[in-house]
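A.B. asks: Show me how the following folds:
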Amino acid sequence: MNSTQQTIRVGLFFLLGLALIWVTFETLSGNNHFFRKDGYQLVASFDDLKQLKVGDDVRMAGVKIGAVEKTRLAGRRAQAVLRIAPGIAVADDATAAITMAGLLGTDYVAVDLGSPGVPTLKDGDEIRTRETPDINSIMNELGALGKNLNGALGALSGSLTGNGKPGGGLLQKLDKIVSDNQGRLDATMENLKEVTDKLNHGQGTLGKLLNDSDLHDQLMASIMQIKGAAADAQTFMGDAKGIVEQIKSGQGAMG
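C.D. replies: Okay, the predicted model is just below:
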């Protein structure tokens, strides 16, 4: 009895192991086993398949419509043979691209919807493709950008500090100019202080304008009168021009 129960338990564990192996296989293969020979094939040519491998998804608008059945070289190009599920129509002007599913995800082939009303691709047709940057190329570009930025910062630092060159950098030159002209700068600052004090106490014309509101109002009234006189003069000139034009044309007694 004990031997029979032990045999049954071993058999159940064996079947459970087979089931786990099958689930793992289907998961890793992207459930491509069910339509591996169904549907139809499309050929996508790329300069580089990157990390694309057999079993990776083919998606349209984010929906899985097939899988990569085969990868191969065709001259100087790399081709991915796509197995499209039955009943899925791919437009003749649709475009395929290799896309990465997140930073740590696997690559897949993304197919756009194409234009409505156009013919569809048939079994064995080649689909249009477009190249997209992958994480490696992006990281290389970022590394090159970092090197260029580091070089620019180094050059700027060298210009500012001089890096031990005779005469020093910009900062050393500015410091020397300030040191050599310290007396003049002090005198200039003292003069500015005196001017500011006079303005605050209403001394001088500008000081009175800043501190005397009546004088300010009178100045503004004078400016408005000047503007009015200028407008009147412009009107007078216009009238005079009209009279001259009448005389030239022979109108009136003087004409």
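
A.B. asks: which SS class is L42?
C.D. replies: What DSSP: H, G, I helix; E, B strand; the rest coil gives for L42 is strand.

A.B. asks: beta partners of it?
C.D. replies: On the basis of DSSP bridges, L42 takes part in beta bridges with L82, D125.

A.B. asks: where's I8 relative to L15, distance?
C.D. replies: 11 Å (C-beta to C-beta, to the nearest Å). C-beta coordinates here come from the backbone N, C-alpha and C atoms, glycine included.

A.B. asks: And H201, by the same measure?
C.D. replies: As defined by C-beta to C-beta, H201 lies at a distance of 105 Å from L15.

A.B. asks: Same question for D175.
C.D. replies: 85 Å.

A.B. asks: Check L42 too.
C.D. replies: Using C-beta to C-beta, one gets 39 Å for the distance from L42 to L15.

A.B. asks: In terms of packing, which of those two has more residues around it?
C.D. replies: Between L42 and L15, counted using other C-beta atoms under 10 Å, L42 has the larger neighbour count: 25 against 10.

A.B. asks: Tell me who's in contact with that one.
C.D. replies: Residues in contact with L42 (C-beta atoms under 8 Å, 6 or more residues apart in numbering) are V81, L82, I84, V90, A96, L121, G124, D125, E126, I127.

A.B. asks: ok, now which ones touch the fifth one?
C.D. replies: Contacts of A96 were listed using C-beta under 8 Å, 6+ apart, and they are L42, A44, V58, L82, V109, A110, V111, I127, R128, T129, R130.

A.B. asks: Now the helix or strand where the fifth one lies: buried residues?
C.D. replies: Spelled out, that is V109. Element membership for V109, per DSSP states H and E: strand 107-111. Neighbour-count burial for strand 107-111 flags D107, Y108, V109, A110, V111 (criterion: 16 or more other C-beta atoms under 10 Å).

A.B. asks: For the first one, list each beta-bridge partner.
C.D. replies: In other words, D107. In this entry, D107 is beta-bridged to M100, by DSSP bridges.

A.B. asks: next one: the last one
C.D. replies: According to DSSP bridges, the partner residues bridging V111 are M60, A96.

A.B. asks: ok, back up a step: now render the buried residues of strand 107-111 as a markdown table, adding distance to A67 and pLDDT.
C.D. replies: Formatted as a markdown table, the buried residues of strand 107-111 follow (distance: C-beta to C-beta, whole Å; pLDDT from 0 to 100):
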| residue | distance to A67 | pLDDT |
| --- | --- | --- |
| D107 | 12 | 88 |
| Y108 | 9 | 93 |
| V109 | 9 | 95 |
| A110 | 13 | 94 |
| V111 | 12 | 95 |
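
A.B. asks: pretty sure S115 is in a strand, no?
C.D. replies: No - applying three-state DSSP, one finds S115 to be coil, outside a strand.

A.B. asks: Can you give me the neighbour number for it?
C.D. replies: For S115, the neighbour count with other C-beta under 10 Å is 10.

A.B. asks: Spatially, what comes nearest to it if we skip its sequence neighbours?
C.D. replies: Leaving out its chain neighbours, the residue that sits closest to S115 by C-beta to C-beta, 6 or more residues apart in numbering is D93, at 5.4 Å.

A.B. asks: Check the one you found and give its pLDDT.
C.D. replies: We note a pLDDT of 95 for D93 in this prediction.

A.B. asks: Is it correct that I84 is in contact with A44?
C.D. replies: No - counting by C-beta atoms under 8 Å, I84 stays clear of A44, with 11.0 Å between them.

A.B. asks: On the three-state scheme, A89 is what?
C.D. replies: Assignment for A89 (three-state DSSP): coil.
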